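J.: quick one, fold the following:
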Amino acid sequence: MQLVELKPDDPNVVDLFSEIDRLMNTLYPIASDQSLALEELNQPNVRAVGLMNEEEIVACGAIVKQFDKTLYGEIKRLYVKPNYRGKGLSKRIMQILLHYAGDAQIPLIRLETGVKQEESIKLYESLGFDRCERFGLYRDNPLSVFMSLSLQSE
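T.: Okay, here's the model as predicted:
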């Protein structure tokens, strides 16, 4: 697997984001969607990566540098294609993003996921994330799970 940067004009990335959106729209109401948009990949505060096999991107994730009383990085678009699940690719993407956050001196990582994504929640907990209060522009939503991880040493 090759690590690649996600670019909004890459047809592989367009297809992958469409696949993610279709899945999310089957799990949650469209009004709940606050995904990273394709065109946001060009923003300087976004680092988005994927793992590519010989033909296509099979896993991806992004971190968005944000500021809301404190600097933090928000994990977005973590996804692995169904045929590649169970191989540790989401954990690998998360480790790449967390390493980037450490290098960029981002002290706090936050994310929002959905209550129906139990495997994702288990992954985040295994990486040290704890549930937290909503943050940023998110509204209260019973379908959302908010999590955070401090990268600062105590």
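
J.: list the buried residues for the helix or strand hosting residue 49?
T.: In the assignment (DSSP states H and E), residue 49 maps to strand 46-52. Buried positions in strand 46-52, judged by neighbour count with 16 or more other CB atoms under 10 Å: 46, 47, 48, 49, 50, 51, 52. Heads up, the C-betas are built off the backbone N, CA and C, glycines and all.

J.: switch the residues you listed over to a markdown table; also include pLDDT.
T.: Shown next, in a markdown table, are the buried residues of strand 46-52 (pLDDT from 0 to 100):
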| residue | pLDDT |
| --- | --- |
| 46 | 95 |
| 47 | 96 |
| 48 | 97 |
| 49 | 97 |
| 50 | 97 |
| 51 | 97 |
| 52 | 96 |
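
J.: out of the residues you listed, which is nearest to residue 15?
T.: Using CB to CB, the shortest approach to residue 15 within the buried residues of strand 46-52 belongs to residue 50, at 11.5 Å.

J.: from residue 95, how far off is that closest one?
T.: Taking CB to CB, to the nearest Å as the measure, residue 50 and residue 95 are separated by 14 Å.
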